[in-house]
Every structure is written in C-alpha cells, then in structure tokens.
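Participant: A predicted structure for the sequence below; I have some questions about it.
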Amino acid sequence: MNPRFSIDLLRPGQVAQTWEDWFIGPQGRRRLILFFLFGVAVLLVILVGGILPTYWRLSDDLSALPNLRRDLATTEGDLNLLRANLQALAGESRRQVRWAELLTAFSQQTPPTLKLMKMEAVRTVPPAQPGAPPGEVRPEGSLRIEAITPLVPGSPPLLEIAQFMAGLMRDPAVNKRFTLKSWEIKPPVGVTPEGQQFLNVSILLGERTS
C-alpha cells in the first residue's frame with residue numbers, strides 16, 4: 001500500500017488537505033453543517049428576494065379580481081345604457097328628418113284653399129291570422145290627414161283635392177314611405193258666423209312595409 005499525501009508549501013511541517021479531507025477530515029462534520037446552513041441562508045435570500053414578492057403581488061392581484069369584475073360589470077351596464085340611448089337618439093333623429101321631409105312635401109303640395117287641420121301618425125297591430133305564430137304579426141303604420149276646404153259652387157274643391165292627393169303621392173318623400181289607402185269628403189256640418197261652409201276632407205295613407 002502506497003499512501004498518498006501532499007505537503008503544504010505555504011505552511012512548512014503541515015500536510016496539505018485535499019477537498020475530500022475538507023469534508024471527511026476531523027473538522028468535516030462542522031464544515032458540512034456550516035455549508036448546509038449557508039445553503040439554507042442562500043435559499044432564504046432567494047425566497048425572500050425573488051419568490052415572496054411575486055407571490056404577494058399575485059395574491060394582491062387575485063384579491064383585486066372581484067372588484068375588477070364588479071367594475072367591469074358596472075362599465076358594461078353603463079356602455080349598454082349609453083348604446084341604447086345612442087340608438088334611441090339615432091332613431092329619433094331619423095324620425096325627425098322624415099317628418100321634416102313630409103312637412104316640406106305637404107307645404108309644397110297643399111293648395112291655398114285647403115287648410116290642414118290635423119296630421120296623426122298611427123300604428124296599429126292587425127289581428128293575427130288563424131294558425132300564424134304570434135311573433136310574426138307586425139304593426140302597421142298609417143298617416144291620417146284631416147283638412148277643410150271652403151264650399152263653393154261647382155267642382156273646384158274636388159279638383160283641388162284630387163290634384164293635392166296626386167301631387168302628394170308623386171312627391172318622393174311621401175311616395176317612398178306611404179301609399180294612398182282611402183280618402184273621404186264629408187259634407188259641411190254647420191255655417192260659420194260669416195255664412196261660409198267648409199267641406200271636411202279625410203285622407204288615410206298606409207306605411208309601406210318594405
């Protein structure tokens with residue numbers, strides 16, 4: 001057997017220790033404990049410095065999720081309300097534009113002797129056909145026009161009323177939305193203090209479905 005040993009040139013008279021002797025020598029146990037404690041300390045530093053802040057941040061984010069969901073639901077509700085209001089405003093704007101076009105057409109086509117008394121937009125639901133699903137019954141729109149014209153001998157009032165309805169239905173603003181359903185001329189009911197009588201004119205226009 002040829003034992004191997006090393007001489008420590010920096011410390012004359014002492015035998016140099018190899019790395020195996022560092023851990024298995026007389027002081028190896030204490031050194032192993034110190035090395036273990038050092039490793040545990042390093043792990044604690046890594047845990048405290050790197051993992052725990054991330055864990056705490058994730059915990060804070062998770063705890064904030066219910067509030068974020070509640071805020072998101074509130075925001076969605078506000079957006080839906082705003083969207084509904086914008087749609088209502090857009091629909092009202094289109095309705096006002098259509099009425100402005102209709103009023104312009106009526107002012108252009110109405111003869112001087114015919115006085116418009118009332119214009120009423122009516123929307124009614126027709127009775128459902130037997131066997132038809134309830135959801136397929138669509139309301140029907142109509143426009144009722146009440147007017148008066150002075151009663152004079154001959155037929156000029158009738159001609160003016162016929163020309164008024166013909167010109168009205170030729171106007172694009174009216175023709176693209178309505179069709180003539182019926183019209184009626186009622187006899188005068190009474191006499192004004194000036195001794196003048198008026199014919200009552202009733203015109204019904206039906207809204208086009210397409």
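Facilitator: Everything's here; your move. Keep in mind it's a predicted model, so treat the numbers as computed, not measured.
Participant: hey, let's count contacts and neighbours off CA atoms from now on
Facilitator: Will do.
Participant: Give the buried residues for stretch 159-173.
Facilitator: Residues 160-161, 164-165, 167-169, 173 are the ones in stretch 159-173 that count as buried (16 or more other CA atoms under 10 Å).
Participant: Got the phi and psi for Pro111?
Facilitator: Note on Pro111: backbone dihedrals following degrees, to the nearest 10 are phi -70, psi 160.
Participant: Next: Glu146.
Facilitator: phi -110, psi 130.
Participant: Equivalent analysis for Gln196, please.
Facilitator: Torsion angles, degrees, to the nearest 10, at Gln196: phi -100, psi 140.
Participant: gap between it and Asp78?
Facilitator: 60 Å (CA to CA, to the nearest Å).
Participant: just how off-centre is the longest helix seen in the chain within its chain?
Facilitator: Counting by DSSP state H, the longest helix found in the chain is helix 52-109. When distances are taken as CA atoms, centre = their mean, to the nearest Å, helix 52-109 is centred 5 Å away from the chain's centroid.
Participant: how close does the residue nearest the centre of the chain get to Phe106?
Facilitator: Centroid-nearest residue in the chain: Arg83, 3.3 Å away (criterion: CA atoms, centre = their mean). Noted for Arg83: a distance of 34 Å to Phe106, by CA to CA.
Participant: likewise Ala147?
Facilitator: 12 Å.
Participant: same question, Gly91
Facilitator: 22 Å.
Participant: Which one's more surrounded, those two?
Facilitator: Under the neighbour definition other CA atoms under 10 Å, Gly91 and Phe106 were set side by side, and Phe106 has more, 19 against 12.
Participant: Next up, identify which helix or strand the closest residue to the more buried one other than its chain neighbours is on.
Facilitator: Of all residues not flanking Phe106 in the chain, Leu168 sits nearest, at 7.0 Å (CA to CA, 6 or more residues apart in numbering). Leu168 belongs to helix 156-170 when assigned by DSSP states H and E.
Participant: Just the CA coordinates for that helix, please, in CSV.
Facilitator: Output of helix 156-170 as CSV, limited to C-alpha atoms (Å, rounded to 0.1, in the frame of the first residue of the first chain):
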residue,chain,number,x,y,z
PRO,A,156,-113.2,73.3,-57.9
PRO,A,157,-112.8,72.0,-54.4
LEU,A,158,-113.0,68.4,-55.6
LEU,A,159,-110.5,69.1,-58.4
GLU,A,160,-108.1,70.8,-55.9
ILE,A,161,-108.3,67.9,-53.5
ALA,A,162,-107.7,65.4,-56.3
GLN,A,163,-104.7,67.4,-57.5
PHE,A,164,-103.4,67.7,-53.9
MET,A,165,-103.5,63.9,-53.4
ALA,A,166,-102.0,63.2,-56.9
GLY,A,167,-99.1,65.7,-56.3
LEU,A,168,-98.6,64.3,-52.7
MET,A,169,-98.2,60.8,-53.9
ARG,A,170,-95.8,61.8,-56.7
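Participant: Can I get the next helix or strand after that helix in CSV, CA atoms only?
Facilitator: Using DSSP H and E, the helix or strand that follows helix 156-170 in sequence is helix 172-175. The C-alpha trace of helix 172-175 is given here as CSV (Å, rounded to 0.1, in the frame of the first residue of the first chain):
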residue,chain,number,x,y,z
PRO,A,172,-90.5,61.2,-53.4
ALA,A,173,-90.6,62.0,-49.7
VAL,A,174,-94.1,60.7,-49.4
ASN,A,175,-94.2,58.1,-52.1
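Participant: Cool, thanks, signing off.
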